[in-house]
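Undergrad: Could you look at this predicted model? Sequence included:
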Amino acid sequence: MSGKYQAYPEYKETHLGWLSEIPAHWEIKRLKYLGEALIGLTYSPDDVVDADDENAVLVLRSSNIQNKQLAFEDNVYVSKQIPEHLRTQEGDILICARNGSRALIGKNAQITEASADMSFGAFMSVYRSSYNDYLSKVFNSALFEYQSGSFLTATINQLTTGNLNSFEVPLPSKAEQQVIANFLDHETAKIDTLIEEQKTLIRLLQEKRQAMISHAVTKGLNPDAPMKDSGVEWLGEVPEHWSDTEIRYITHQIGGGTPSKDRLEFWNGNIPWVSPKDMKVDYLSDAQDKITDQAIQESSTKLLPVGSVLIVVRGMILAHSVPVALTQAPVTINQDMKALVPGKGVDGEFLLFFMKGLKGFILDLVEESAHGTKCLRTEVFERIKITIPDLDEQIEIIKKLKEKLRVIDSLIDDAQQGVELFKERRTALISAAVTGKIDVRDWKPTAHPQQKHPEAPHEQTA
């Protein structure tokens, strides 16, 4: 930052170990003297209602904070008496105070006009202060991350209101706070625009990747090959020499199971027990949870052969994705998964990418269970009419496809690294400004694209 911005002319030492000095005219204040921290609303499952209920109030949760902004894709509504102080006000800072993931503790976003008069859940906190235009920047700096992390231990995974109130922040005058806030709004908006451009590029590359896979496994690689009508609407024309078949004729399906959690001797072994949370890679040889040989012998879960294609058949992820992976070591699976063991004449990698290529069609087969969970009915899925080439052509297709995918994946990796670099630059700029490392008092704005806040859904006016 030093090359572009000047430092303050005079500094003074602080008593803070993580911040050695601040501008001479700044103060150090605890948050409890600047505002109040509030614990969120407690409610029961019986209080939850549909969004169109006339008394519905949206309860903001951790999932409603995405990338330091409010998001409304995963909402919960309740109908109950809500104390006025537990209704959000414009300017409030919403904070994730408790979560199973330590990385999410402390993530926050500022309440906008569109998200005022909602409520917030018991695992959340709100910090309410007349200083929040400035403090919202402090809360998105390394300064806040450091203090949040200092309260997390091996046994405590929460940020209490007492902890939050004890946070110490460097504080300039009100007028200077406003200049810093304006500066950061302007400069971070430019960085956010660059981040969105990289994310758009990633989305386009991912779409191209999916289209490339789908074409290779349903049309082949020879554009001059004679074609025939598959008789299946979603497949269209296919190479004339490919064989007509169904999933059930080319694979052997094996279901999963969960060994009893009460039997401690079943767990913490050396055999991977795969569940949907592990299905984030194409090739899988390990899992977060592991079981013992005894668990396999005395429960419904089975050891799967190497080269099996795993597919998630139950879970909310099926609302938008169909995770599949090829096993590269013996593993077991839970009841939300199925294993497709390739039959004679079927290459495991071809089957993997074939399942990836069928993503759109498989999503159309997903149904909703009585409990609201998404599920893929295997009795329908296994009867999908398909066409496949012989084994030699399968292997050749995958070889050429992987060469093409390597180029796309490299471009995606580069774009993702760009996103992370821009995020780091954003945090560094905010941190420098709110700790007084740079002096922006004489800053003047220049034109930049207008940044928009996400709009809240209309049901939230309840």
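TA: Happy to help now that I have it.

Undergrad: So what's the residue count around residue 141?
TA: Neighbourhood size, residue 141 [other Cβ atoms under 10 Å]: 21. Quick note: C-beta positions are derived from backbone N, CA and C, even for glycine.

Undergrad: Was I right to think it contacts residue 430?
TA: Yes: in terms of Cβ atoms under 8 Å, residue 141 counts as a neighbour of residue 430; the distance is 4.6 Å.

Undergrad: Can you spell out which helices and strands pack onto the longest helix belonging to the chain?
TA: Assignment by DSSP state H gives helix 174-219 as the longest helix of the chain. Under the contact definition 3 or more Cβ pairs under 8 Å, 6 or more residues apart in numbering; DSSP states H and E, helix 174-219 sits against helix 132-138, strand 237-239, helix 348-357, helix 359-365, helix 391-434.

Undergrad: rerun at 6 Å
TA: When contacts are defined as 3 or more Cβ pairs under 6 Å, 6 or more residues apart in numbering; DSSP states H and E, helix 174-219 sits against helix 132-138, helix 348-357, helix 391-434.

Undergrad: In CSV, list those along with distance to residue 273.
TA: CSV is the format used below for the helices and strands packed on helix 174-219 (distance: least, Cβ to Cβ, whole Å):
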stretch, distance to residue 273
helix 132-138, 43
helix 348-357, 20
helix 391-434, 28
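
Undergrad: for the longest helix of the chain, what is the average pLDDT?
TA: The average pLDDT for helix 174-219 rounds to 96.

Undergrad: contact partners of the helix or strand following it?
TA: Proceeding N to C from helix 174-219, the next assigned helix or strand is strand 227-229, under DSSP states H and E. Residues outside strand 227-229 that contact it (Cβ atoms under 6 Å, 6 or more residues apart in numbering) are 237, 240.

Undergrad: Now do strand 227-229, average pLDDT.
TA: 94.

Undergrad: what about stretch 367-382, how long is it end to end?
TA: The straight-line separation of the ends of stretch 367-382 (Cα to Cα, to the nearest Å) is 15 Å.

Undergrad: tell me which residues of it are tucked away?
TA: 374, 375, 376, 378, 381, 382 (16 or more other Cβ atoms under 10 Å).

Undergrad: cool, stretch 225-239 as well?
TA: 230, 235, 238, 239.

Undergrad: Just flag the most distant two among those residues.
TA: Farthest pair in the buried residues of stretch 225-239 (Cβ to Cβ) is 235 and 239. Separation: 11.2 Å.

Undergrad: just the helices in the protein please.
TA: So, for the chain - with DSSP H - the helices run 132-138, 142-149, 161-166, 174-219, 247-250, 293-298, 348-357, 359-365, 378-381, 391-434.

Undergrad: Between the ones you listed, which one is closest to residue 53.
TA: Closest among the helices of the chain, once you apply Cβ to Cβ, is helix 359-365, at 29.3 Å.

Undergrad: CA atoms only for the closest one, dumped as CSV, please.
TA: What follows is helix 359-365 as a C-alpha-only set of coordinates in CSV (Å, rounded to 0.1, in the frame of the first residue of the first chain):
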residue,chain,number,x,y,z
LYS,A,359,-26.0,-34.3,-15.4
GLY,A,360,-28.9,-32.3,-16.9
PHE,A,361,-31.0,-35.3,-17.7
ILE,A,362,-30.4,-36.9,-14.3
LEU,A,363,-31.4,-33.7,-12.5
ASP,A,364,-34.7,-34.0,-14.3
LEU,A,365,-35.2,-37.4,-12.6
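
Undergrad: And residue 372, what's its pLDDT?
TA: So, for residue 372, pLDDT stands at 68.

Undergrad: what pLDDT does the nearest residue to residue 288 once chain neighbours are set aside get?
TA: Counting by Cβ to Cβ, 6 or more residues apart in numbering, residue 288 lies nearest to residue 278, which is 6.0 Å off, once chain neighbours are set aside. The model reports residue 278 with a pLDDT of 95.

Undergrad: What distance do you get for residue 278 to residue 329?
TA: 12 Å (Cβ to Cβ, to the nearest Å).

Undergrad: Who has more neighbours out of those two?
TA: residue 278 (22 against 13).

Undergrad: The more buried one against residue 286, yeah?
TA: No: between residue 278 and residue 286 there is no contact under Cβ atoms under 6 Å: 7.8 Å.

Undergrad: Mind listing what's buried along the helix-or-strand element of the chain with minimal mean pLDDT?
TA: Least confident helix or strand of the chain, by mean pLDDT, DSSP states H and E, is helix 142-149 with a mean of 80. Neighbour-count burial for helix 142-149 flags 143, 144, 145, 147, 148 (criterion: 16+ other Cβ under 10 Å).
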